[in-house]
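Q: What would the 3D arrangement of this be:
(one chain, ligands or ions: 2)
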Amino acid sequence: MSTGSTVLDTSLSNVSLGSSFPEERDTEIENEVKCLSIIVLGASGDLAKKKTFPALFHLFQQGFLQETDVHIFGYARTKLSDDNLRERIHGYLSNKSSSRQTEVLSRFLQLIKYVSGSYDSEDGFQLLNKEISEHEISKNSQPGTSRRLFYLALPPSVYPSVCRMIRRYCMNQSDLGGWTRIVVEKPFGKDLKSAEDLSAQLGELFDEQQLYRIDHYLGKELVQNLLVVRFANRFFLPLWNRDNIDNIQIVFREDFGTEGRGGYFDEYGIIRDIIQNHLLQVLCLVAMEKPVSLKPEHIRDEKVKVLQSVLPIKLEEVVLGQYEGYKDDPTVSDSSNTPTFATVVLRIDNERWEGVPFILKAGKALNSRKAEIRVQFKDVPGDIFKCKKQGRNEFVIRLQPSEAMYMKLTVKKPGLEMSTIQSELDLSYGLRYQDVKIPEAYERLILDTIRGDQQHFVRRDELRVAWEIFTPLLHRIDAGQLKPISYKPGSRGPAEADELLAKAGYVQTHGYIWIPPTLD
Ligand SMILES: NC(=O)C1=CN([C@@H]2O[C@H](COP(=O)(O)OP(=O)(O)OC[C@H]3O[C@@H](n4cnc5c(N)ncnc54)[C@H](OP(=O)(O)O)[C@@H]3O)[C@@H](O)[C@H]2O)C=CC1
Ligand SMILES: O=C1O[C@H](COP(=O)(O)O)[C@@H](O)[C@H](O)[C@H]1O
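A: Ligands and ions are numbered 1, 2, ... in the order given. Next up, the predicted model:
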């Protein structure tokens, strides 16, 4: 089946191609031929093994990281040899065992070195710098041309000391196109003040252009598709507003609990873990105005504007939940008030969205795993077919699993009778793009950092407004003024959340279920 792609070749396999919008982006594709050191700090941890190293491996497999230029360093406190680290991550890199795969995997693993040290140790970072420099010299890199990418796969508490150490001991010269970039993970702070303090500390050490605040939802295929769908299609331009849209849901569900991350999660909770970052970023792309161009700063300017238009959250438009058994985890306090589920209604006070609720919902240990955006349209005036009760038009963007976009609409039920039925126009990616392997979010975002493209990363002012929106609510939860409602693992979450949804205006379609089409 043809992919129908005529203008933009977004293939990831052609290194020289670079960006899909070459004339629009300020990227640094030409630098991809120079010596590159990728340093994963926190290499012994969960994110590193599950996401960072696999993403690097996929980039290597596709030719984006070349043995001739690249070296990868793991750094953490745990005492490990190079081979110990390789063994730890090996199982997460590939499940195929063709001889070609095995050979590529073994070449990739040979690029990895491990340095052990603490996050405030001068000796540790001096040793790290020595290893990186030796690699650069071995590649005949000219001073001032080499690139150093530091990926902080670490708890945010150690960001300031790690950044100080990098600044003091591990910077390279950058006068001939070389650079030092720092990727920091979320959660970036715990509230407005702590995030601002952290931003100020990092801001003293690095320029904004050197800092990449990663939110991996911005690397998901259908999230990246949002601006294209909204602004490259005549269909949507006139409909995307308060005149036509009744309500919008942005939903994240997981069918498993905190699973070994209880200690971390209990300190943060579902709003800081998912809603304040992943879902709010998606909201920005759904609700923002058309940017002047695709330049990262133009896009991020619009994201900031829409966030600034969000009204203070009303407590009656919040439902919190905690799944039964959450506190059985020994790393979670017996008196924990941390929500593992939340539904929060946000209201955007601007010309396009006044009166349209944006319902952000996220939960762990629910009955399914999925993330989607559900845009529900208003009723059709003048219901001559008496079909109103069957359900409203909806445009659903399924971010995962089974990426898809489908439009629920009313059609004549096929047959002799004149009756109506709910059906769908369906673009299921698995079916439509059979030959395309959708890249992992981290893979795409790490490539962006190498290219110097900050479009899909969170700017400091964006982060500040995001915290401004949620901090008053979070402080009330932290102070125990709001209590989560208990819900059964494997359920839809508290029934009160569905009541809030209905109150906000969402009308459920009964008797209709979208089933992702399959090839057989
Ligand atoms: N895991 C995931 O799925 C996701 C994680 N993230 C974010 O990525 C970052 C890393 O997450 P993750 O890998 O799960 O975290 P881990 O708890 O696995 O920590 C990573 C490494 O940091 C070191 N470390 C852990 N706790 C401390 C501490 N209190 N002080 C100093 N060092 C410590 C440990 O290495 P050592 O002891 O060897 O030094 C550990 O191996 C976090 O900011 C997290 O929020 C974001 C999205 C998803
Ligand atoms: O950032 C996080 O995301 C994961 C979910 O990521 P996904 O890409 O699988 O949807 C979540 O499990 C984790 O709690 C959170 O920290």
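
Q: Spell out the secondary structure type for Ser423.
A: Following DSSP: H, G, I helix; E, B strand; the rest coil, the label given to Ser423 is strand.

Q: Which secondary structure element of this protein has the lowest mean pLDDT?
A: helix 99-109 (a mean of 89; mean pLDDT, DSSP states H and E).

Q: and Leu227, that one's in a helix?
A: Yes. Counting by three-state DSSP, Leu227 falls inside a helix.

Q: Please determine how far it is located from Ser293.
A: 11 Å (C-beta to C-beta, to the nearest Å). Any C-beta I mention is one placed from the backbone N, CA and C, and that applies to glycine too.

Q: try Pro143
A: 36 Å.

Q: who has more neighbours, Leu227 and Ser293?
A: Between Leu227 and Ser293, Leu227 has the larger neighbour count (other C-beta atoms under 10 Å), namely 18 against 13.

Q: Now the more buried one: closest residue in space, sequence neighbours ignored.
A: Leu285 (6.2 Å; C-beta to C-beta, 6 or more residues apart in numbering).

Q: Go ahead and confirm that neighbour touches Lys220.
A: No. Counting by C-beta atoms under 8 Å, Leu285 stays clear of Lys220, with 10.8 Å between them.

Q: So which residues of the stretch 251-400 of the chain form helices?
A: With DSSP state H, counting those that start in this stretch as the criterion, the stretch 251-400 of the chain has helices at 262-270, 280-287, 296-308.

Q: can you dump the C-alpha coordinates of the last one into CSV?
A: These are the backbone C-alpha positions of helix 296-308, laid out as CSV (Å, rounded to 0.1, in the frame of the first residue of the first chain):
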residue,chain,number,x,y,z
PRO,A,296,10.9,26.2,17.6
GLU,A,297,10.5,29.7,19.2
HIS,A,298,7.4,30.5,17.2
ILE,A,299,5.7,27.2,18.3
ARG,A,300,6.8,27.6,21.9
ASP,A,301,5.6,31.2,22.0
GLU,A,302,2.1,30.0,21.1
LYS,A,303,2.2,27.2,23.7
VAL,A,304,3.1,29.8,26.4
LYS,A,305,0.2,32.0,25.3
VAL,A,306,-2.4,29.3,25.6
LEU,A,307,-1.1,28.2,29.0
GLN,A,308,-1.3,31.8,30.1
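
Q: in that helix, what's buried?
A: 296, 299-304, 306-307 (16 or more other C-beta atoms under 10 Å).

Q: Pull up the residues of the protein that are close to ligand 2.
A: Contacts of the chain with ligand 2, taken as C-beta under 6 Å from any ligand atom, map to 216, 254, 273, 371.

Q: and these, which two are the farthest apart?
A: Spatial extent of the residues of the chain next to ligand 2 (C-beta to C-beta) is set by the pair His216 and Glu254 at 14.5 Å.

Q: In contact with the closest residue to ligand 1 within the stretch 101-250 of the chain, which residues?
A: Nearest residue of the stretch 101-250 of the chain to ligand 1: Glu185, at 3.6 Å (C-beta to the nearest ligand atom). If you count contacts by C-beta atoms under 8 Å, 6 or more residues apart in numbering, Glu185 has them with 47, 152-154, 156, 214.
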